[in-house]
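Peer 1: any chance you could fold what I've pasted below:
(one chain, ligands or ions: 1)
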Amino acid sequence: MLLRLARWLRALGYDTLDCPGAEDRELVHRANTDKRCLLTRDRALLRELRPKASLYITSQQPLEQLTQVVADAGLPKPNLVFSRCLLCNTPLHRVDVQAPLPEYAAHLTHQPRKRCPQCQRLYWFGAHARRMEMALHRAGLS
Ligand SMILES: [Zn+2]
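Peer 2: Okay, here's the model as predicted:
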């Protein structure tokens, strides 16, 4: 239920896992084992399973959620914006601009600048990234 928040956190460079389909007990076990802070909007989960570190997310709006997490978890100011894959959390690698593009990206006029070594997704910083930067700025996070 917090997948959009997870993407925003990754966009700011914070190491953020999501586990779609995982049972609540698995989530809590994983968070405790990895020493991660569990973010949730599920009060029953917090009450019943008592993860070691957790944050109850109050808003339903992803940018408000992001602002809350940065403030309440005391995260350091983001300085690695657009450094992680938004989908799988893996740190991105720079793309060699001389390397041939995969067929699905061959029509693009802008070269991608980064690639996820895990899921192979390509990233380039056009209109979508600029809209994200403006949203972060409006939220006071850049
Ligand atoms: Zn990826």
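
Peer 1: touching, residue 56 and residue 37? I think so.
Peer 2: No - judged on Cβ atoms under 8 Å, residue 56 makes no contact with residue 37 at a distance of 11.1 Å. All C-beta atoms are positioned from the backbone trio N, CA, C, and that covers glycine.

Peer 1: get me the contact residues on this protein for the ion.
Peer 2: Neighbours of the ion within the chain, by Cβ under 5 Å from the ion: 85, 87-88, 90, 116, 118-119.

Peer 1: number of residues surrounding residue 85?
Peer 2: For residue 85, the neighbour count with other Cβ atoms under 10 Å is 20.

Peer 1: which residue packs closest to it, ignoring adjacent ones?
Peer 2: residue 116 (3.8 Å; Cβ to Cβ, 6 or more residues apart in numbering).

Peer 1: and for residue 136?
Peer 2: Using Cβ to Cβ, 6+ apart, the closest residue to residue 136 is residue 142 (4.2 Å).

Peer 1: over to residue 48?
Peer 2: Residue 48's closest residue in space is residue 24 (Cβ to Cβ, 6+ apart), at 8.0 Å.

Peer 1: residue 105 now?
Peer 2: With Cβ to Cβ, 6+ apart, the residue lying closest to residue 105 is residue 122, at 5.9 Å.

Peer 1: if anything else comes up later, I'll come back, but that's it for now.
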